[in-house]
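Engineer: Next input, structure requested:
(chains A, B and C)
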Amino acid sequence: MVEITIRKRQREDAAFTQRKFFKKTARGKVIKVVRERYLRDDVSCGIEKCRECASTLESHLPFSGAVDHKLFPNGHFVLPDTNVFLAQMDLMESSFFRSPIILLQTVLEEVRHRSLPLYNRLKALMKLDEKRTWMFYNEFRLKHNFIHNRETAVVREVGESPNDRNDRAIRVGTAWYNTHISLTRPPIRGRPVPVLPTIVLLTDDVGNRLKAEKEKIPCSSVQQYYLSTGALTAGIKAGQLYQGHFNANQFNFLEGSVTVEAYSKPVLLIGRENMNRAVQGDIVTIEVFNEQEWKAPTDEVVDQESTLKNDDADESDEEGERIVIEEKAPRPEGLSRPISEKQPTGRVVGIIKRNWRAYVCHIDSTSLNSSTTTSLSQQTVFATPVSRLLPRIRMRTRQAPALLGQKILVTIDKWDITSRYPEGHFVRALGKVESKEAEQESLLLEFDVPYRPFGKAILDCLPAEGEQWVVPPKGAHIPAWRDREDLRPLNICSIDPPGCEDIDDALHARRLPNGNIEAGVHIADVSHFVLPDNPMDAEAAARGTTVYLVDKRIDMLPALLGTNLCSLRPFVERLAFSVIWELTPDAKIKKTRFTKSVIASKCAFTYEEAQIRKDDLNRQDDLTDSIRLLNTLAQKLKAGRMAAGALNLASPEVKIHLDSAESSDPIDVEQKELRETNSLVEEFMLLANISVAEKIQEAFPQTAVLRRHMPPPKANFERLQDILQKRRGIPLDVSSSGALAASLDKCIDPNEPAFNTLVRIMATRCMLSAEYFCSGSVPKDAFGHYGLASPIYTHFTSPIRRYADVLVHRQLAAAISYGTLHASLHSKTHVEHTLDVVNKRHRMAQMAGRASVEFYVGLALKARGERSATLRTGKVTEEAFVIRMFRNGINVFVSKLGIEGLVTFKRETRFDANNYTFVIPGSGQGGEDVVIAVFDKVTVSIEVEKDKNTQRGKVKMTLFKPIVDSI
Amino acid sequence: MMSLRIEILNEGGFRSDGRRQYELREITFDSTTQASSDGSARVTHGLTEVLVSVFGPREARVRSQTLHDRATIHVEASIAPLSTGDRRRRGRGDKRILELAAMIKATFEPVVQTSLYPRSQIDIFVQVLQQDGGVLQAAINATTIALINAGVPLTDYVCAVTGGAHAAAPMLDLTALEESDLPHMTVASMPRSGRLTLVSMETRLHIDRFEEILRLAGEAGAVIHKEMRAVVKERTKGLLEGMSIGLRVSKAAEEDAMVENE
Amino acid sequence: MRPPSPSIAEKDFFFNALNQNLRLDGRELLEPRQLGISFGSELGHVECSLGKTRVLAHVDAKMVRPEAQRPFEGLITIHCELSPMAGSEYEPGRQSDEEIALARMLDKIFRRSDAIDRETLCIIAGERVWHLHLSIHALADAGGLLDCASLASAAALRHFRRSEVEVIGAREVIVHDSTTRAPVPLAMHHTPFCVSFAFYSPPGVGREPRMLLDPAGLEQRLAHGMLTLALTPQRELAVVHKAGGLPLAPESLMGAVQVAARRARELEAWLDVRVREDWGRKKVEVR
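Structural biologist: Numbering: from 1, shown residues only, chains lettered A, B, ... in the order given. You can find the predicted model right below:
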């Protein structure tokens, strides 16, 4: 039974009980707001055993406060004012500050108004047991005393600013406390005079201190820290304007860059002002400063989350009184940096095109006002995007409490000049963080992978027979058979990874009477089903490629085509597009022809099965013979390519076994399989691609869809070359792909077998990526594919999962006069535009695939960590190699898991940029200095921790060997 | 101006205006306002202020709308333009106003003993002078007092209160700030039987919490009832005194007249 | 024209039957009428029937500028029409009291209770949002019009899908045709279902008032008190409306709430099956 009472008020309290003020609404109207206040006398002072304030709460302040302070031998309590918390929250939180704290309601409310994150920290502080804090509600306190009518509730006087009023309330509160103590511990006759502790007002405000001293209130100041404010680079000297895509630096949120053709290195944009509200992916106009102003890129990691964590979502940026948290990344101005390190530096003067879209974010819980789930009021909060390249987004929503802990989609609407953060709005929620569905969907959204189901119009483009469709029987008037060769009798077979359903390609080979060998590659005839200008084609062009995640596949074409009608399944007839060569036994091409065909695959092998079949000497049938022929030819083709300078770069493939039980490790890192049959398929696909490229280039010199790989600029290799030279004394010749291949072969460390792979991996990162291009847009000498060492190349062999291949099919068909080329493929601009989209989707698909793997690796690591915690086998540790150095940390690569991690050092280190070493003084076994250099093998302990703000499982690595880096 | 971020219920158990959860705001009843009506009452709950005037029972103005066996009740409501912080004129046909009037009518129709006045009409005018949450609650309470002052026979008092669900604990008598932040309901009860005559909720709330607050609001109705009874007693005492003075005066005048006549 | 008050004979018959726990159409006291639903060819066009009461609901969406005070939210308007087709008491052209009451209740149930996530209807904040328009037409009124209308509305909102929109560079908006890109269902926080009860004074002193679920025409007119509850299948009450009428003890009220909670779950299951069936038939999307 609760007691329900009516709160009565005496009339004369009217001035205290109503607060009138004016408020400006969002629309700009000014309205008058009246609020009531009820004063009461049951507000407790919080000191234990106090005679008057009977209180049942446990956390009392000790009777005499803290007795160990020099200035206050009789004991004291600290009453800090607002600025102490705003400016020196770290000090208050640290374990050095142990005095009991009296927190006035006025102070708490002021902190709340000024900075919500600091307010949250203050609340957390109050809850700690070792800190003895008591919340005193001075705004509600009314006390009638027989001698004086003294209240702590304070009313603003005429001409007094709100700040002054608050300061006065704080002083009144302190005075009240001191009086209260003396009144509740009166001297009793016959007993010794009680020793009274003091309540001390802690404030840095000199004015406040003066007033307090005048009113005889004990007070003190805190040691001031010096906060340097950032000085931004300024000065607009002569400069030309350039245009390019803005790229954020994922390690340092205050730096970005734009690649322009005029300079060999990207132009740096340092500092918030110079970045001028550009967002990753926007097309911007930049102005480059004079050469004296050029800087070197930062080598420090500056994390957006930790640096900006005290920023408040609701604040406008005109607030003058706010304490600015340090945000400048220190520039190594004074230190000698080689001139070559400096890069052109500039600033953004205008934004040409915003490439904003919906981003996957989490709500930043420290920016939340009311976290009760029943709150219906609108709040302004921060949404932190999952991608490190994007700034935090400010948004208003009424569902903030419900959205905490979920991944949400937020889109940016605008970024005002006066605003520190872009503004956006809520689009939809994806689901709880770390639930598989939400993470999967979030991944697809982050990389802008179109994954919506196909619409009805697209399904109408499929053949009406659906699953029942078959190649119609041969006949002169059947359109499907027009100009198609009947290759059904040939011993065609397909070789693919296990579990493959969308079989793009099949091969065959047979001896010819003249001693040569006929070999053929047959590709699914997708362009027969996907006609230009129909909705299915438009959708496929927009998707660009099939996306492979660990647990899901987003198809470019409806499954009916991909896994059935186009797929070259065995034992059924299928339409195909064939490339047939006549080769000498030495694998030299004598003749090439292209034709549309109908095939009937005799068998679908996995790589392993084909290998076994080939090696099985008991088998002597035609099909096996065909495989053996292909194999021999492939070996010769490969040898020829290597001689021409093809590169063999390594990338470890991390394979996730989804269905493995908890007990065994789901992650397995496999090197690419190097069976002969793998190489067989690879060589012939390459050969087909090259032959087709030559043909369509010849037929359509202006608009052929080709693929190239530009040679990497020497500058990209500079650092790697330098490191290899300085640390291992091995030169890296990058003059040509052949020279590079040869150099890489020589990068061996007899003590460390993984060294060669590591160098190959680092070399891969220096490469540019391959891209599709339109032959008419680029001079012929830029057609080449550096990695494959081929003067011309295209993609022809996987039309089911790549859109560019579909275009190539169309062009090839026209080239062999199978049909006319659609008008769009005659237009250079159209082809360029389409390939732009395809290139972008391709990149995104790769990143999505990698992110999916990383997610599962994270899960597996977490499981491993939990297992080792329960089994007490110690931390999870792995070997890693150092691949990059920063001023305050190193980047390591864990080869076993295929992941990278950043290890930052908290203790003193000496960083030698020139020699790529880190010296950690006095941390070795015997107190000697420990030196870590690039390429060194170290051991790191890995744990997955959940960042409480972003809700991401972050892989955290700390150095385990040679030293244990304690925090 | 910095935006205000008020905590609905802070850790000390205090609400934004200094009350605790189960404390109701100050209630005042003022019966002396309108001389022209048959009965009127001005009620405040904290800063919310509603004035109700009752006319009747009297002859119906529109014959066709009368009922042969009982009186009809008409309710009209209006909201003063300055009742919230900004001056906003609300037309007569505003949905919220119509809803308020309809609720009051539906609430009092079974409570007023209409069968005593066939073919008559009782008019109730509700004016909201100031809004700070709990408008319906104040209107119902004011109507009860106004009807009593007008001498209209009721089967029982109708006492209304608002209740809301904060994550930590239920709360009573919500201000406008609290109403915009929490799910809440208005409950009107008849204290003699303890039964509920009006229950109105428009925000989402789980059934279990709903039950909790429903019962609480019913109990709060009893507290308000006590206040109302005290007020009515005061007024009746005042009236009686006035009447007895009048009686003495008239008796004295009669005696004088008798003396004169003699 | 107001329907004539029930005659004394009807009244007596009804109450006599009620005293013996019998209803005029033979149902149990807490038994609802038969449900029926049929979908139109467009998504969001639904006709619902509850016994003999029939209601048509239609949802469509268009893009408009948002309100200045709420630039992040879409708009929802609900429009009701009770034409004479529904019953002779409704006059054409004039808004009757019942129409107003119906519109108000539906507004409370679907709009004020935040059933539809309005923030997801935002396309470009401050410039373009979706404006959903729900229109209700009563085709036949045999009592329980509100329950039927709310079921039809819930079905229409569930059934409806809006075109997919793409925003380029924060300026341009492209609306995709629903055949090329599969249309998108509305994001609903919860689906409320409306359940009505009629109460009658107890036959004798000290007894409890009687309660009927889903009152039909005459039962509604003779009721001493009405209680309308809108709740979600997750046991949350969205709207409680008991305006005057027979006073109830809190226990009776809670009893009705529990009955309504069970009914809401039944309705949800039933509706889910029907809507999915129709989507399958229409082949709205293919995965």
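Engineer: What residues does the stretch 151-262 of chain B have near chain C?
Structural biologist: B:185, B:189-190, B:193-208, B:210-211, B:214-215, B:218 (C-beta under 8 Å from any C-beta of the partner chain). Just so you know, the C-beta spots here come from the backbone N, C-alpha and C atoms, and that holds for glycine as well.
Engineer: as a whole number, average confidence for stretch C:189-197?
Structural biologist: Stretch C:189-197 shows a mean pLDDT of 91.
Engineer: Give me the buried positions along stretch A:39-51.
Structural biologist: Neighbour counts over stretch A:39-51 (16 or more other C-beta atoms under 10 Å in any protein chain shown) mark A:39-40, A:43-47, A:50 as buried.
Engineer: Stretch A:120-129 now?
Structural biologist: In terms of neighbour count (16+ other C-beta under 10 Å), stretch A:120-129 has its buried residues at A:120-122, A:125-126.
Engineer: quick check, nearest of the residues you listed to residue A:624?
Structural biologist: Nearest to residue A:624, judged by C-beta to C-beta, of the buried residues of stretch A:120-129 is residue A:120 at 71.4 Å.
Engineer: wait, what's in contact with the closest one?
Structural biologist: Contact partners of residue A:120, counting by C-beta atoms under 8 Å, 6 or more residues apart in numbering or on different chains, are residue A:366.
Engineer: Is it within a helix or a strand, and which one?
Structural biologist: Applying DSSP states H and E as the criterion places residue A:120 in helix A:116-127.
Engineer: C-terminal to that helix, what's the next element?
Structural biologist: Using DSSP H and E, the helix or strand that follows helix A:116-127 in sequence is strand A:133-136.
Engineer: Averaged pLDDT, that next one. What do you get?
Structural biologist: When pLDDT is averaged over strand A:133-136, the result is 78.
Engineer: Could you do stretch A:81-98 as well?
Structural biologist: Here stretch A:81-98 scores 72 as its mean pLDDT.
Engineer: Tell me which residue of the stretch 101-250 of chain C lies closest to chain A.
Structural biologist: Across the stretch 101-250 of chain C, the shortest distance to chain A (C-beta to the nearest C-beta) belongs to residue C:179, at 3.4 Å.
Engineer: does the closest residue to that residue other than its chain neighbours count as helix, strand or coil?
Structural biologist: In space, and not counting its chain neighbours, residue C:179 is closest to residue A:457: 3.4 Å by C-beta to C-beta, 6 or more residues apart in numbering or on different chains. Look at residue A:457: counting by DSSP: H, G, I helix; E, B strand; the rest coil, its state is helix.
Engineer: Could you verify my assumption that residue A:457 touches residue C:177?
Structural biologist: Yes - look at residue A:457 against residue C:177 with C-beta atoms under 8 Å: they come within range, at 7.3 Å.
Engineer: Compare neighbour counts for the two and give me the winner.
Structural biologist: Neighbours per residue, other C-beta atoms under 10 Å in any protein chain shown: of residue A:457 and residue C:177, the larger number sits with residue A:457, 18 against 13.
Engineer: what separates the more buried one from residue B:132, distance-wise?
Structural biologist: Between residue A:457 and residue B:132 the computed distance is 56 Å (C-beta to C-beta, to the nearest Å).
Engineer: repeat for residue A:473
Structural biologist: 85 Å.
Engineer: Using the three-state scheme, assign the residue most central in space within chain B.
Structural biologist: The residue lying closest to the centre of chain B (C-alpha atoms, centre = their mean) is residue B:141, at 2.0 Å. Secondary structure assignment for residue B:141 (three-state DSSP): helix.
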